[in-house]
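S.K.: Need the 3D shape of this:
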Amino acid sequence: MKIKIVVCTIVMLLATSLSSLLVTNPSPSNGAIDVTLTPEHDVTINKLNMQHGVHVNNRTFISYMGSDPCIIQYNHTENSWLPSVQVGSASGGKAAPSMFINDSGYIWIFYDFHGGTNSIRTSKNPYYIGTSSSDWTADTWPGCSDAAYIHCINVGNDEVYIFYRCGSSNPRRWYYAYSTDGGETWDSDDQLIISTSDGGYGESYVFGMKYQDGKVHMVWHDSDHAYPDVSRNVYYNYFDTTDQHMYNITGADLGTAVDSAADMAASLAYQSPNDAIQMETNQGHIDVNSSGYPYIIFANGSSNSPELYSWDFLYWNGNEWSNPVNLTDDLVDSEGTTCDIKIYNDDNIKAYLTVPGVGHSAGDPGGDIKQYDWDGSVWSYNTTILHESVEGDALNMGYKIKDGLDEFAMMAVIYDYNEVDGNNNIYCWGNSGEFLWVEW
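M.R.: Numbers count the residues shown, from 1 in each chain. Here you go, the predicted structure:
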């Protein structure tokens, strides 16, 4: 397979203030656009500070954690970035900005969770990030005080869901709140959807969610910090927004929550071996095909010391779960290293895997970002999109942009663990058929 590379011209976006200047430059390999931020708006990243991207109204919005929560905006009609904007101040919470844009175009950013102030900011103008924090309004968090890992789902017609974990110690359960007026008011806050206190370790991690046709598909792991950091199995459920019940893959109604050993057994997609590996499974991410069948990539533990994982793939074929398939011989050496999967059709699926690259420091999250392709029967290596040896630091969080266009389908970030040193950049790139490309 040939990969066509589009070379991007260096573009400097002029701004009235040097403190908010963004520069795009062609240094990333394979045509990825590098959005370099000034130090005060640089990207502070740890494994919980995950940037979030949304495309709507021919604009791409990316929220991320600088020294404080920030957002940038790309206009696909004008082919230009707006300068980054700080939307509020963080108190030290770890879970990073999550975002939705309601049907009227107003942007909602949730930040400073997992030990912080549980803050929300909303834009004063639709589809526009403004120029400073004065263009954003503070709002009230409707859920529990110890919330973490916010997932935002806008299902349309002003119906919005936020899913999150509650609890600073076990049992840590998953809940949701929802709005029927685009986020202006929230109803039924702290409605339980997952509790593993009966049948599991007492804690769960939902890394991947995907909304499609009235269903929120989710992949999760049964976990516990007490052992420490034990995680096992891969579970799948979908949340039906029609009746707000949880279902398993065969459509069995599990009621309002997965909250028993029987429910967990009914939701099991992969049983990890009961051996001495602590982090047996981790970082499950999901996409769904046109038939509503889930495709999942997850980290499958193979060693405690050193900590090692393989990237494995499983999917529902309409009758049963497939056996896990290993995508690459590259082993990941940190539980904070991430992946994602994007379905174009059943014979064209992309996996974005972060694996150690040349000069990688053992045990550090991140590395190179590689693309693998599924042709309906086998996975094959396509290309290395970003090299940590070229970009100057480990990269991570190669996540798909919600409803992203071909030109900006994916994003990633330099993973300079909890540092702001002027080298923590955000990257965007796209896919079109066989081509890895960026229009500029």
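
S.K.: Quick check: phi and psi on the closest residue in space to Pro273 that isn't next to it in sequence?
M.R.: For Pro273, ignoring the flanking residues on the chain, the nearest one in space by Cβ to Cβ, 6 or more residues apart in numbering is Glu280 at 6.9 Å. Using the backbone N, CA and C atoms, a C-beta is placed for each residue, glycine as well. For Glu280, the backbone dihedrals (degrees, to the nearest 10) come out as phi -70, psi -40.

S.K.: which residues does Glu280 contact?
M.R.: By Cβ atoms under 8 Å, 6 or more residues apart in numbering, the contact list for Glu280 reads 230-233, 272-273, 300-301.

S.K.: switch the cut-off to 6 Å
M.R.: 232, 272, 301 (Cβ atoms under 6 Å, 6 or more residues apart in numbering).

S.K.: Just the residues you listed: which are in strands?
M.R.: 232, 301 (DSSP state E).

S.K.: And the contacts of Glu280, which is closest to Thr241?
M.R.: Using Cβ to Cβ, the shortest approach to Thr241 within the contacts of Glu280 belongs to Arg232, at 29.0 Å.

S.K.: Surely that closest one and Trp220 touch.
M.R.: No: taking contacts as Cβ atoms under 6 Å, Arg232 lies outside contact range of Trp220: 11.2 Å.

S.K.: Compare the two (neighbour count), which wins?
M.R.: Trp220 (26 against 23; other Cβ atoms under 10 Å).

S.K.: That one bridge partners, please.
M.R.: Val206, Tyr235 (DSSP bridges).

S.K.: hmm, who's touching stretch 244-263?
M.R.: By Cβ under 6 Å, 6+ apart, the residues outside stretch 244-263 that reach it are 192-195, 198-199, 236-239, 266-267, 316.

S.K.: same check, this time on stretch 136-154
M.R.: 87, 95, 98, 100, 110, 113-114, 118, 120-124, 160-168, 177, 186, 189-190, 209, 211, 216.

S.K.: neighbours around the closest residue to Thr77 other than its chain neighbours, how many?
M.R.: With Cβ to Cβ, 6+ apart as the criterion, Thr77 has its nearest non-adjacent residue at 5.4 Å, and that residue is Asn58. Asn58: 12 surrounding residues under other Cβ under 10 Å.

S.K.: what's the distance between Phe163 and Asn345?
M.R.: 27 Å (Cβ to Cβ, to the nearest Å).

S.K.: Just the buried subset of the contacts of stretch 244-263, please.
M.R.: 193-195, 199, 236-239, 266-267, 316 (16 or more other Cβ atoms under 10 Å).

S.K.: Quickly list what Leu353 is bridged to.
M.R.: Cys339, Lys370.

S.K.: who are the neighbours in contact with it?
M.R.: By Cβ under 6 Å, 6+ apart, the residues touching Leu353 are 311, 339, 370.

S.K.: Which of those residues has the largest number of neighbours?
M.R.: Cys339 (29 neighbours).

S.K.: Could you grab the helix/strand/coil label for Met264?
M.R.: What DSSP: H, G, I helix; E, B strand; the rest coil gives for Met264 is helix.

S.K.: re earlier: which one of the buried ones among the contacts of stretch 244-263 sits closest to Ala362?
M.R.: Of the buried ones among the contacts of stretch 244-263, the one sitting nearest to Ala362 (Cβ to Cβ) turns out to be Tyr236, at 32.4 Å.

S.K.: okay if I get the contacts of Glu280 as CSV plus distance to His360 and pLDDT?
M.R.: Formatted as CSV, these follow (distance: Cβ to Cβ, whole Å; pLDDT from 0 to 100):
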residue, distance to His360, pLDDT
Arg232, 27, 91
Ser272, 26, 90
Gly301, 19, 89
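
S.K.: which one of the contacts of Glu280 is nearest Cys70?
M.R.: Gly301 (34.1 Å).

S.K.: Pull the number of nearby residues for the closest one.
M.R.: Burial of Gly301 is recorded as 22 neighbouring residues (other Cβ under 10 Å).

S.K.: any idea how far it is from Leu331?
M.R.: Distance from Gly301 to Leu331, counting by Cβ to Cβ: 10 Å.

S.K.: can you list contacts of stretch 302-319?
M.R.: 249, 270, 278, 293-301, 321-322, 324-328, 331-333, 339, 353.

S.K.: quick revisit: okay, Phe163 and Asn345: which has more neighbours?
M.R.: For Phe163 versus Asn345, the count of surrounding residues by other Cβ under 10 Å is larger for Phe163: 24 against 9.

S.K.: Chain neighbours aside, what residue packs nearest to the more buried one?
M.R.: Using Cβ to Cβ, 6+ apart, the nearest residue to Phe163 is His151, at 4.3 Å.
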